[in-house]
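Asker: My questions are about this predicted structure, shown below with the sequence.
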Amino acid sequence: MTDTVIFDVGGKEYKVARTLLDVHPDSMRAKMASKQWNGDDDKKLFVERDCERFRSCLDYMRDGKVFLPLTINKKSFVADMEYYGIDLDEAAIHLEDSSAV
């Protein structure tokens, strides 16, 4: 069974595998979920940020690239990545095309 952490972001819960956080050990998310900061494995970790951008941040952490929907502003996404302490290659940020089918 995969060891997970639950983040409550803007009222939406995300269950995240610890292995994903381990890939980014210096990120704020990994530190929040660490035994040093959070001794209670069942506790939901509250993050007061936009939940839709959080999902895109997770996509970037998993895949090393992200396709932002039209509802997410690139500058806001970059600001969130900086907030979370995740190194970002801006060339890996792609904007979805509204004309694509």
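Answerer: Thanks, I have it.
Asker: Now do residue 89 against residue 13, distance only.
Answerer: Taken as C-beta to C-beta, to the nearest Å, the spacing of residue 89 relative to residue 13 amounts to 28 Å. Bear in mind the C-beta positions are built from the backbone N, C-alpha and C, glycine included.
Asker: Ranking helices and strands of this protein by mean pLDDT, which lands last?
Answerer: Ranked by mean pLDDT, DSSP states H and E, the weakest helix or strand in the chain is helix 28-33, scoring a mean of 75.
Asker: can you list contacts of that one?
Answerer: Around helix 28-33, the neighbours that count as contacts under C-beta atoms under 8 Å, 6 or more residues apart in numbering are 5, 7, 16, 18, 21-22, 24, 37-38, 45, 47, 83-85.
Asker: C-terminal to it, what's the next element?
Answerer: Secondary structure here is assigned by DSSP states H and E; on that basis, the next helix or strand after helix 28-33 toward the C-terminus is strand 45-47.
Asker: on contacts alone, who are the packing partners of that following strand?
Answerer: Using 3 or more C-beta pairs under 8 Å, 6 or more residues apart in numbering; DSSP states H and E as the contact criterion, the elements in contact with strand 45-47 are strand 4-9, helix 28-33.
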